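Trainee: sharing a model that was predicted from the sequence below.
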Amino acid sequence: DRSAVTILVPGRLHERALARVDKAFKMVRLDRADKSLISDGLAGTVRGVAAMTAIDAAFIDALPNLEIIASFGVGYDAVDARHAAAKGVMVTNTPDVLTEEVADTALGLLINTVRELARAENWLRQGRWVKEGPYPLTKATLRGRHAGIFGMGRIGMAIAKRLEAFGLSIAYHNRRRVEGLSYEYHPTLAGLAAAVDTLISVAPGTASTEKAVNAEVLRALGPDGVFVNIGRGSTVDEEALIAALSGGVIRAAGLDVFADEPRVPQALIDLPNATLLPHVGSASVHTRNAMADLVVDNLVAWFSEGKPLTPVPETAGVAKSA
Ligand code: NDP
C-alpha cells in the first residue's frame, strides 16, 4: 500500500511534484534539509525523500529506514550520492527530459554573448535608438567560430547538433573519447581551449571538474575567446574568469551558473563583456513539469516495482530489500 509510505520533502519543491507525492504517498514536509529538524517520531518512518535542495551525509544518516532520494534536476552534485550508495540508499535524478531545453538555452546564451542582444534591446527600451541612432556594431560574431564542448554528454551532444546547424566546427573534451563520434577529441581541457575560440562548458559539478576552467585554460582560449557556462559554477575559477574578462585575455563570457548561487560577484555584474542569466537552463513550465513528473515516477517505480527509472551511476547497484 503506497499511501502508507512516508515521503519526506525538505525545503521547496515543484508544485506538480508536491501534488503528486501528496496523492500517491504520505507526504511530510520540512522547512529545510537539516537533520536537527527531524523529530524522533519522524526519523524511523521516512522511506523516501523528494528534494531539489542539498542532501548531505548527516541528513541521510538521520533517516535509518530511508530507501530512496529522488532529486529534482539532472545535476545532483548537491546530493551526497557516494554516501547514499555506501548506506544502500538509491539516488535518482532527472536526465533526458531537460536535454533539448538546456541546449536551446545554451545557444541563446552564446548568441546573446557574441551579438549583445540584451544590451541592444535595452538600447531600444531606453529610447537611445531615437536619440543616438543605431546600436553600435558588435565586435564579436558567431561567424567563423570554432566551438569546443567541455562535457560531451547528453546535453553536450544536443548543443553540438545545434552548433553544426549554425555552421560551426566542433571539438570536445571528456575524460573518455565518445565511441563513434566524429568530432575532434582532446584528452585535456587546456588542449581543447587552445584549439578553439569558443568554449562551452556543460560538465557536471564534481571533485574532478572543480575549477577546471582556470587561468591557463582561459589564456589558451585567447583574445577573441568566448566562454559559455551552462553546466555548473564550481567548474570555473571565477576570480580567474573575472581577471581574464577585465584584462582582455578573452573577449566575452555568457554564464547561466555561478560558484555561490544566487550570489553573483559584483565584479562580474560590472563587466560589460559578461552576459549573465539566473540559472534558467531548464526553466520553462513545460520542462520543469516533465522533471517534476520524473521525480515522482522514480518514487512510484521504486515502491511498486522495486526499480527506479533513472538511478545515478553511483547508486546503480543499490537493490531494494524486501
Ligand atoms: P552527462 O552525464 O550526460 O554528461 C556529462 C559529460 O561530462 C560526460 O560526457 C562526461 O564524460 C563529462 N565529464 C564528467 N566529468 C568530467 C571530467 N572530470 N573531465 C572531463 N569531462 C567530464 O550529463 P548531462 O549532459 O545530462 O548534464 C551535464 C550537466 O549539465 C549536469 O551535470 C548539470 O550540472 C548541468 N546542467 C545545468 C543546467 C542549467 O540549468 N544550467 C540544466 C541541466 C544540467 P566522461 O565521463 O567521459 O568524462
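Mentor: Ah, there it is. Keep in mind that what you see is a predicted model, and the values were worked out from it rather than measured.
Trainee: who are the contact partners of the residue in the stretch 101-250 of the chain positioned nearest to the ligand?
Mentor: With C-beta to the nearest ligand atom, the shortest gap between the stretch 101-250 of the chain and the ligand falls at Gly153, namely 1.8 Å. Yep, even glycine has a C-beta here, placed from its N, CA and C like the rest. Shown in contact with Gly153 (C-beta atoms under 8 Å, 6 or more residues apart in numbering): 174, 202.
Trainee: cutoff 6 Å now
Mentor: Applying C-beta atoms under 6 Å, 6 or more residues apart in numbering, we find Gly153 in contact with no residue.
Trainee: pLDDT wise, what is it at?
Mentor: Reported pLDDT at Gly153 in the predicted model: 98.
Trainee: could you shift the numbering so residue one becomes 51, and keep it that way?
Mentor: With 51 as the first residue, the last one maps to Gly203.
Trainee: could you look up the SS state of Ala208?
Mentor: Here Ala208 is helix, with the state taken from DSSP: H, G, I helix; E, B strand; the rest coil.
Trainee: what's the neighbour count on it?
Mentor: Neighbours of Ala208 under the rule other C-beta atoms under 10 Å: 19.
Trainee: assess the claim that it and Glu151 are in contact.
Mentor: No - using C-beta atoms under 6 Å, Ala208 is not in contact with Glu151; the gap is 9.3 Å.
Trainee: separation between Leu148 and Ala156?
Mentor: 12 Å (C-beta to C-beta, to the nearest Å).
Trainee: could you list the low-pLDDT ranges of this structure?
Mentor: 372 (pLDDT under 70).
Trainee: residues of it that sit close to the ligand?
Mentor: 124-125, 145, 148, 152, 201-206, 223-226, 252-256, 258-259, 280-282, 306-307, 329, 331-332 (C-beta under 6 Å from any ligand atom).
Trainee: mind running it again at 5 Å?
Mentor: 124-125, 152, 201-205, 224-226, 252-254, 258-259, 280-282, 306, 331-332 (C-beta under 5 Å from any ligand atom).
Trainee: in ChimeraX, how would I select just the buried ones from these?
Mentor: Entered in ChimeraX, the line below selects the buried ones among the residues of the chain next to the ligand, by 16 or more other C-beta atoms under 10 Å:
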select :124,125,152,201,202,203,204,205,224,252,253,254,259,280,281,282,306,331,332
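Trainee: show me where the stretch 251-372 of the chain has helices.
Mentor: 265-271, 288-296, 316-319, 335-355 (DSSP state H, counting those that start in this stretch).
Trainee: ranking these by burial, who's on top?
Mentor: helix 265-271 (a mean of 21; mean count of other C-beta atoms under 10 Å).
Trainee: now do that helix: which elements does it pack against?
Mentor: helix 239-245 (3 or more C-beta pairs under 6 Å, 6 or more residues apart in numbering; DSSP states H and E).
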